[in-house]
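Trainee: Have a look at this fold, sequence not included:
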């Protein structure tokens, strides 16, 4: 599932092709994603120039003078930059065609992605307004995390996956960050000390930054293959049940938090 690093790498990969480019048209091949694709997008976007491509949490924001397109990749969605006149495949749902001859195409096998439009400030849209601070900014600190963790009797992994606490941290990067900070995922958020909150905040920043750097060196959004896989990474614990810890050799364990799996090293994490 695309999390913050994958979405940020996507933003970086498509921005240079889109900013300043004028929209020639929109093709909706399948309107039934997680929510219906607004049918008026063709009329709204035609003739508009893309002014910026930003990210808020796991949402991409494509802005033009008339408004902003909000795009969520769901569980299996990805974007590609293609040369014109490429027929859509069975899982290609949405195209923005540009005067330069390129197409921005959304492919989503499971259709859990979504596309929205707003003519107002996109950061005030109901989908974005309640999102917490971006983890790679100065607003996300150990002091902030400690303040938010007071009275939160919930496992720390679920706490940092709460988008109202911090933007864009999903299951994979939460597990990896907690390994780096040496905390078990079941540790109650309310029990964290200021020093532990600082360790978690620093670990989240390090984990996400490393992943983004890896993705930037590996991803090609102009590739014409039918499947655009997200970048491979060297993970410490996620999805490594039964394998030896990369640092101490202890067998990695799997646990459950609600309906989600979590992974941890019982020796390195306490």
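Mentor: Okay, I see it. Predicted, not measured: the structure shown is a model, and the values here were computed from it. Numbers count the residues shown, from 1 in each chain.
Trainee: Can you classify residue 143 as helix, strand or coil?
Mentor: Assigned state for residue 143: helix (three-state reduction, DSSP: H, G, I helix; E, B strand; the rest coil).
Trainee: could you measure it against residue 182, distance?
Mentor: From residue 143 across to residue 182, the span is 20 Å (Cβ to Cβ, to the nearest Å). In short, each C-beta sits where N, CA and C put it, glycine included.
Trainee: do residue 170 as well
Mentor: Distance, residue 170 to residue 182, by Cβ to Cβ: 21 Å.
Trainee: okay, these two: which has more neighbours?
Mentor: Shown here are residue 170 and residue 182; by other Cβ atoms under 10 Å, residue 170 has more neighbours (18 against 14).
Trainee: residues touching that one, list them.
Mentor: Contact partners of residue 170, counting by Cβ atoms under 8 Å, 6 or more residues apart in numbering, are 1, 3-4, 58, 161.
Trainee: Which residue ranges of the stretch 51-200 of the chain form helices?
Mentor: Using DSSP state H, counting those that start in this stretch, the helices of the stretch 51-200 of the chain run over 142-149, 156-160, 171-180, 194-218.
Trainee: Got a quick PyMOL command for the buried subset of the contacts of residue 170?
Mentor: Here is the PyMOL command that picks out the buried ones among the contacts of residue 170, judged by 16 or more other Cβ atoms under 10 Å:
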select buried, resi 3+4+58+161
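Trainee: how about JSON lines for the contacts of residue 170, with distance to residue 89 and pLDDT added?
Mentor: Shown next, in JSON lines, are the contacts of residue 170 (distance: Cβ to Cβ, whole Å; pLDDT from 0 to 100):
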{"residue": "1", "distance to residue 89": "21", "pLDDT": "69"}
{"residue": "3", "distance to residue 89": "25", "pLDDT": "91"}
{"residue": "4", "distance to residue 89": "27", "pLDDT": "95"}
{"residue": "58", "distance to residue 89": "24", "pLDDT": "96"}
{"residue": "161", "distance to residue 89": "32", "pLDDT": "97"}
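Trainee: Residue 239 should be in a strand, yeah?
Mentor: No - assessed with three-state DSSP, residue 239 is coil; it does not lie in a strand.
Trainee: Identify the residue spatially nearest to it, adjacent ones excluded.
Mentor: Leaving aside its sequence neighbours, residue 239 sits nearest to residue 263 (Cβ to Cβ, 6 or more residues apart in numbering; 6.6 Å).
Trainee: Is it correct that the one you found falls within a strand?
Mentor: Yes - under three-state DSSP, residue 263 falls within a strand.
Trainee: pLDDT at it, what is it?
Mentor: Looking at residue 263, its pLDDT stands at 98.
Trainee: and it, how far is that from residue 249?
Mentor: From residue 263 across to residue 249, the span is 16 Å (Cβ to Cβ).
Trainee: contacting residues for residue 65?
Mentor: Neighbours of residue 65 in contact, by Cβ under 8 Å, 6+ apart: 48-49, 51.
Trainee: Among those, which one has the most neighbours?
Mentor: Highest neighbour count within the contacts of residue 65: residue 48, with 18 neighbours (other Cβ under 10 Å).
Trainee: what about the strands in this structure?
Mentor: Listed in chain order, the strands of the chain (DSSP state E) span 23-28, 52-56, 59-64, 67-72, 77-83, 92-98, 102-108, 114-118, 253-257, 260-264.
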